[in-house]
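> Build the 3D model from these lines:
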Amino acid sequence: MFEIIGYLIGGIGVFFVGMSLLGHALKQMTGRKLRMLLAKWAGNGYKAGLIGYVAGAVTQSMSALSFIIASLVGVGVISVRQALPVILWANTGVGLLVLLAFLNINILILFVLGIAGISYSFGKSSRINELSKALFGLGLLFFGLSMIKQGAAPLSDTEWFKFLLIQSHHSYVLSFVVGALLSFIAQTSSAVSILAITLTLSGLFSVDQTIIIIYGTNFGSSISTTILASQLKGTPKQLVMAQVFFNVVAAIILVPLFILETFAGIPLVKALVFQLSDQLEQQMAFVYIIYNLTGSLALSFAVGPYARFLDRCWPPTREEEWSQIKYMHDHAPIEADIALRSLDQEQLRLIQRFPIYMEELRNCNANACQATLDSLHNAFASVSKEIEAVISDLTKNELSHEISERILCTQNRQNHLGSLDALIYDFSTLLAGWSNSPSAERFRGLFIESIDTILLTACDTCESNDADDIDMLISITSDRNELMQTMRRTFLAEKEMSPEDRMSFLQITSLFERVVWILGRIGFLQRQMAELNRADNV
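Here you go, the predicted structure:
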């Protein structure tokens with residue numbers, strides 16, 4: 001029994017590590033071209049359904065596939081609305097497993113892990129390394145599920161497991177509950193369904209009993225998926241819960257039909273599978289497929305409302321909202337002038353987000369504040385990556401001298417914004433974790449208000465692009481060495497300060513000076529960009 005528990009716990013741990021590694025690698029390697037390709041495929045409901053069907057048939061696991069698709073949605077590769085047909089029709093693809101009994105992919109998983117590990121160890125290209133990490137995460141994800149199934153497999157041979165199945169023979173409700181429970185324990189609805197079909201062939205179950213057990217096994221798989229998704233938030237959670245509700249909807253439709261057919265004698269599902277085949281095992285396999293096909297068809301006609309329902313229940317996190325691109329579109333043709341205007345708007349959005357760092361430092365305690373600081377920093381990196389990709393695409397075209405100058409200024413400003421975000425993040429992190437002594441609190445407030453004032457000025461300057469505002473930004477970010485020396489002398493003269501507080505203060509003042517200097521450089525770049533825009537308009 002301890003071996004079974006060890007496999008289950010170890011498998012869950014490996015699964016979560018694989019999911020985390022896969023999501024991180026996808027975030028690093030997904031670019032505009034891949035997003036455009038996937039968005040194009042997923043933008044067509046029929047193609048998205050076909051992709052889902054094939055993916056379900058290949059992966060054999062809706063738990064794994066829903067987490068993979070959730071990772072793609074989480075990093076912005078496709079939207080929830082585009083991903084839903086993939087999830088819905090993947091269930092039908094997984095249904096083929098019951099017809100094929102078991103398609104063992106354990107050896108394939110080991111090959112994927114081995115190739116990915118070797119490739120990462122000897123790969124020199126960052127792109128190859130990220131792809132290797134993604135494959136390794138994918139392999140770990142499936143390997144974790146395989147460990148869970150391997151640990152749970154001996155349960156099907158235990159007396160109490162078979163006892164539950166046999167006892168359910170006398171009650172349709174109990175059959176449904178036992179099917180759901182065993183599917184949750186074994187972590188696979190298909191394996192429990194195949195076991196039930198095998199017992200039916202042995203004469204232990206009636207056809208009606210087997211049908212309701214198959215319904216229960218599909219419903220029970222939602223329980224394990226819900227538990228595995230407990231740590232997810234935002235749009236990734238939407239996709240995983242879409243799979244959960246898929247099984248609920250199919251059960252809501254098919255269980256009443258089963259009751260009508262069994263007690264009222266109306267020919268429905270059982271009559272249909274009897275027409276499709278005269279072999280019992282194939283008939284019951286078709287029942288499994290019909291269950292998943294019913295959910296796919298029902299929800300495919302309500303994808304829009306379904307997506308809105310999921311969004312209301314699990315809205316995007318703040319980090320996801322901050323990571324979204326507003327003005328640049330993957331499907332739009334890249335015209336230099338339009339692209340540069342879009343880039344300017346996206347950069348303005350990034351600049352306007354910097355004061356949120358200071359707002360959080362004012363209003364939150366250290367732990368809660370740090371989570372928001374991390375979200376802001378990660379979101380900046382996501383948007384910055386998109387901006388840099390567009391700039392890179394623009395430089396591949398034949399450009400006029402004026403456009404080239406504007407692109408260079410935009411690129412320089414993005415580099416400065418990246419440095420500014422890193423500095424403000426470090427500055428804010430130090431302030432959030434600084435001492436709560438009276439002197440530290442006084443200087444913390446002074447630092448926050450000083451930086452906030454300059455940041456708000458920079459926001460107004462970049463938005464108005466007014467010459468007077470630009471001059472003001474350059475003026476207030478000019479040499480502040482004398483002021484900083486005075487602050488250092490004043491603070492270091494405090495006798496009750498610990499050595500750690502003094503060191504933190506020196507680090508904070510150093511970061512403060514660098515933040516101000518970068519803002520000054522952004523002011524000069526803004527002046528240069530304003531002059532280029534005026535010359536271009538003339």
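> wait, Ser435 sits on Pro499?
No - Ser435 sits out of contact with Pro499 when judged by Cβ atoms under 8 Å, with a separation of 11.3 Å. (Each C-beta comes from the backbone N, C-alpha and C, glycine too.)
> With neighbour numbers in mind, choose between the two.
More crowded of Ser435 and Pro499, by other Cβ atoms under 10 Å: Ser435, with 15 against 7.
> Can you tell me the SS state at the more buried one?
coil (DSSP: H, G, I helix; E, B strand; the rest coil).
> Let me see the backbone angles for it.
Ser435 adopts backbone torsions of phi -60, psi 150, taken as degrees, to the nearest 10.
> For it, list the residues it contacts.
Ser435 is in contact with 498, 500-501, 504, counting by Cβ atoms under 8 Å, 6 or more residues apart in numbering.
> Restricted to helices, list those.
500-501, 504 (DSSP state H).
> now the strands for this structure?
In the chain, no strands are found when defined by DSSP state E.
> Domain ranges for it, per the record?
2-313, 320-537 (automatic domain parsing).
> The first one: end-to-end distance?
So that's domain 2-313. 38 Å (Cα to Cα, to the nearest Å).
> Quick check: the closest residue to Arg81 other than its chain neighbours vs Val73, distance?
Residue nearest to Arg81 in three dimensions, not counting chain neighbours: Ala307, with 4.6 Å by Cβ to Cβ, 6 or more residues apart in numbering. Counting by Cβ to Cβ, to the nearest Å, the gap from Ala307 to Val73 is 11 Å.
> Check Arg349 too.
22 Å.
> higher neighbour count, these two?
More crowded of Arg349 and Val73, by other Cβ under 10 Å: Val73, with 26 against 15.
> residues in contact with the more buried one?
79-80, 83, 235-236, 238-239.
> Just the buried ones from these?
80, 83, 235-236, 238-239 (16 or more other Cβ atoms under 10 Å).
> Those into a markdown table, with extra columns for distance to Gly6 and pLDDT?
Formatted as a markdown table, the buried ones among the contacts of Val73 follow (distance: Cβ to Cβ, whole Å; pLDDT from 0 to 100):
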| residue | distance to Gly6 | pLDDT |
| --- | --- | --- |
| Val80 | 36 | 81 |
| Ala83 | 35 | 81 |
| Thr235 | 34 | 81 |
| Pro236 | 28 | 79 |
| Gln238 | 33 | 85 |
| Leu239 | 30 | 80 |
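> so which of the residues you listed comes closest to Cys313?
Gln238 (7.6 Å; Cβ to Cβ).
> burial count for the nearest residue to that closest one once chain neighbours are set aside?
Leaving aside its chain neighbours, Gln238 sits nearest to Leu310 (4.1 Å; criterion: Cβ to Cβ, 6+ apart). As a burial measure, Leu310 scores 21 neighbours (other Cβ under 10 Å).
> Report pLDDT for Ile407.
At Ile407, the model reports a pLDDT of 88.
> if I look at it, how far off is Phe219?
56 Å.
> What of Ser404?
Distance from Ser404 to Phe219, by Cβ to Cβ: 61 Å.
> So which of these two has more stuff around it?
More neighbours surround Phe219 than the other of Ser404 and Phe219, with 25 against 14 (other Cβ under 10 Å).
> State the distance from that one to Ala250.
In terms of Cβ to Cβ, Phe219 sits 8 Å off from Ala250.
> returning to what we had before: show me whatever sits in contact with both of Ala307 and Val73.
Common neighbours of Ala307 and Val73 (Cβ under 8 Å, 6+ apart) are 80, 238.
> Any idea which of the domains of the chain has the lowest pLDDT on average?
Of all the domains of the chain, the minimum mean pLDDT falls on domain 2-313 (a mean of 76).
> Excluding covalently adjacent residues, which one is nearest to Ser498?
Nearest non-adjacent residue to Ser498 (Cβ to Cβ, 6+ apart): Ser435, at 7.2 Å.
> likewise Pro316?
Gly234 (4.7 Å).
> on that earlier part again, report the contact partners of the residue nearest to Gln238.
Here Leu310 is in contact with 80, 238, 241-242 (Cβ under 8 Å, 6+ apart).
> Go again with 10 Å.
80-81, 84, 235, 237-242, 245 (Cβ atoms under 10 Å, 6 or more residues apart in numbering).
> thinking again about what came up before, Throw together a PyMOL command that grabs the buried residues out of the ones in helices among the contacts of Ser435.
Selection of buried members from the ones in helices among the contacts of Ser435 for PyMOL, criterion 16+ other Cβ under 10 Å:
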select buried, resi 501+504
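> Make JSON lines out of the ones in helices among the contacts of Ser435 and add distance to Lys396.
Formatted as JSON lines, these follow (distance: Cβ to Cβ, whole Å):
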{"residue": "Glu500", "distance to Lys396": "51"}
{"residue": "Asp501", "distance to Lys396": "51"}
{"residue": "Ser504", "distance to Lys396": "46"}
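> And the ones in helices among the contacts of Ser435, which is closest to Lys270?
Ser504 (73.2 Å).
> The closest one against Ala432, yeah?
No - using Cβ atoms under 10 Å, Ser504 makes no contact with Ala432, being 11.2 Å away.
> tell me, what's touching these two both at once?
Common neighbours of Ser504 and Ala432 (Cβ under 10 Å, 6+ apart) do not exist.
> re earlier: mind listing which of the contacts of Val73 are in helices?
80, 83, 235-236, 238-239.
> export the buried ones among the contacts of Val73 to TSV and tack on distance to Ile470?
Compiled in TSV, these are given as follows (distance: Cβ to Cβ, whole Å):
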residue	distance to Ile470
Val80	41
Ala83	44
Thr235	39
Pro236	42
Gln238	43
Leu239	45
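> show me where the stretch 51-200 of the chain has helices.
Assigned by DSSP state H, counting those that start in this stretch, the stretch 51-200 of the chain shows helices spanning 62-74, 80-94, 96-99, 106-122, 126-152, 159-167, 172-186, 189-201.
> Leaving out sequence neighbours, find the closest residue to Tyr357.
Using Cβ to Cβ, 6+ apart, the nearest residue to Tyr357 is Ser428, at 4.7 Å.
> repeat for Ser132
Closest to Ser132 by Cβ to Cβ, 6+ apart is Tyr120, at 3.7 Å.
> again, but for Phe427
Counting by Cβ to Cβ, 6+ apart, Leu511 is the residue found nearest to Phe427 once chain neighbours are left out, at 4.2 Å.
> how near is the one you found to Val248?
With Cβ to Cβ as the criterion, Leu511 and Val248 are 52 Å apart.
> quick one: which of those two has more around it?
Leu511 (22 against 13).
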